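J.: Sequence and predicted model, in that order:
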Amino acid sequence: MVFAEQGFAGARVDEIAARAGVNKALIYAYYGDKTGIYRAVLGAHLHEFADPAFSKAVAAEVGPRRALEDIVRRFFRLVIKDRPFARLLAWDLLSNGKSGRGIILESSGPLLDLISDLVDRGRATGELRPSTDAELFRSALFSMGLGYVLQHSVMTLAREQSGEHRTDEQFVEYVCRMLLDSESERERRTA
């Protein structure tokens, strides 16, 4: 929680130890330093979402488009369910320091590579639009996921005032269509 509140640069091991109710020396012995703690925090949160072996198994079974859809859904479930983690990611992406971002990239690197591979395969098989770009896909996924969670309370208030009743799942469906529908699927929907 300290990282989510103060980012990597602002978090202090003293405060982490105090909140965890453990001796600071024990934290250093187990994790080495603040970077080690941060890696462990990210790893614990990203494990289910960023498990490339799981996503590769899904891709082998259902194809690249469905595997990407699964990744999109798992990412949204993660950040919607764990808003402090979404805040931690956003904090580091907005900070001037590079340490936290480097650890985020290191932790999610295999998944980012898998997304690139799935996008390339999806384009080659025609499951994705030829214009789909792997780097832009990843950026859009993370931007939409974090943006959705960070402005969720304002969106909820706006929905209450307007009387519209949208769910998180409806938004995720919309994102999947935006990111993954091929041109023929889009034409079919508009027809």
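T.: Cool, got the structure. Residues are numbered from 1 along each chain as shown.
J.: per-residue confidence for the residue minimising distance to the centre of the chain?
T.: By C-alpha atoms, centre = their mean, the chain has its centre lying nearest to residue 75, at 4.6 Å. If you check residue 75, the pLDDT there is 91.
J.: Now name the helix or strand holding it.
T.: helix 64-81 (DSSP states H and E).
J.: quick one: low-confidence ranges for this structure?
T.: Along the chain, the parts satisfying pLDDT under 70 run over 48-52, 55, 97-100, 183-191.
J.: Please, where are all the helices along it?
T.: 2-10, 13-20, 24-31, 34-49, 52-62, 64-81, 83-94, 99-125, 134-150, 152-162, 168-180, 183-190 (DSSP state H).
J.: Flag every buried residue along stretch 141-150.
T.: 141-142, 144-146, 148-149 (16 or more other C-beta atoms under 10 Å). All C-beta atoms are positioned from the backbone trio N, CA, C, and that covers glycine.
J.: if we look at that stretch, which residues are touching it?
T.: If you take C-beta atoms under 8 Å, 6 or more residues apart in numbering as the criterion, stretch 141-150 is touched by 71-72, 75-76, 79-80, 83, 86-87, 89-90, 93, 115, 155, 171, 175, 179.
J.: Likewise for stretch 4-16?
T.: 2-3, 24, 27-28, 33-34, 37-38, 84-85, 87-88, 91-92, 95-97, 99-100, 103.
J.: Can you say which of those residues are buried?
T.: If we count by 16+ other C-beta under 10 Å, those have these buried: 2-3, 27, 34, 37-38, 85, 87-88, 91-92, 95, 100, 103.
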